[in-house]
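Asks: Coordinates for the following, if possible.
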Amino acid sequence: MTESAVPAPVGRYGPVSFQVALVHILVVDLIAWIFFPLFILLVIALPILILYLVIAALIAKAPGTTGQIGRGMLIGSLSGPLSLAVYIPCFMLVHWMSQNT
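Replies: Alright, predicted model coming up:
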């Protein structure tokens, strides 16, 4: 009786999706925060990010572990834009509050 070290994927999401999402969150957030002060680089990188999302969406449609990797890529790809979407309004609110006190 041999057992594999990696369990067979049961559902749409699994440990592989989680691990891929964590790695992508680290990479995408790091890139987003490094390029944030250089806005022009974000504009140049946008077509690359869109192409990456298309590739991740195609991989996510695959069955099994490959599909889990694609879904992890999609989830991790959202972390950069969402972190900026939270940070910018908070920064503006704090700046506005400091101006009015």
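Asks: For residue 71, the count of nearby residues, please.
Replies: 23 (other C-beta atoms under 10 Å). In this view, the C-beta of every residue, glycine as well, is placed from N, C-alpha and C.
Asks: ok, it - contacts?
Replies: Neighbouring residues of residue 71 by C-beta atoms under 8 Å, 6 or more residues apart in numbering: 12-13, 17, 60.
Asks: Now tell me which of the residues you listed the prediction trusts least.
Replies: Of all the contacts of residue 71, residue 12 carries the smallest pLDDT score, 77.
Asks: Secondary structure class of the residue lying closest to residue 23 once chain neighbours are set aside, three-state.
Replies: Using C-beta to C-beta, 6 or more residues apart in numbering and skipping residues adjacent in sequence, the residue nearest residue 23 is residue 76, 6.9 Å away. Counting by DSSP: H, G, I helix; E, B strand; the rest coil, the backbone at residue 76 sits in helix.
Asks: From the contact counts, what lies against the strand or helix carrying residue 87?
Replies: Assigned by DSSP states H and E, residue 87 belongs to helix 79-99. Judged by 3 or more C-beta pairs under 8 Å, 6 or more residues apart in numbering; DSSP states H and E, the packing partners of helix 79-99 are helix 15-35.
Asks: mind exporting the helix it packs on as CSV, just the C-alpha atoms?
Replies: Taking C-alpha atoms only, helix 15-35 is exported to CSV below (Å, rounded to 0.1, in the frame of the first residue of the first chain):
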residue,chain,number,x,y,z
PRO,A,15,-3.9,23.1,-0.1
VAL,A,16,-2.4,23.7,-3.5
SER,A,17,-4.7,26.7,-4.2
PHE,A,18,-3.9,28.1,-0.7
GLN,A,19,-0.1,27.7,-1.2
VAL,A,20,-0.2,29.3,-4.7
ALA,A,21,-2.4,32.1,-3.4
LEU,A,22,0.1,32.8,-0.5
VAL,A,23,3.1,33.0,-2.9
HIS,A,24,1.2,35.2,-5.3
ILE,A,25,0.1,37.5,-2.5
LEU,A,26,3.7,37.9,-1.4
VAL,A,27,4.9,38.6,-5.0
VAL,A,28,2.0,40.7,-6.2
ASP,A,29,1.9,42.9,-3.1
LEU,A,30,5.6,43.4,-3.1
ILE,A,31,5.6,44.5,-6.7
ALA,A,32,2.5,46.7,-6.2
TRP,A,33,4.1,48.5,-3.2
ILE,A,34,7.5,48.9,-4.9
PHE,A,35,5.9,50.4,-8.0
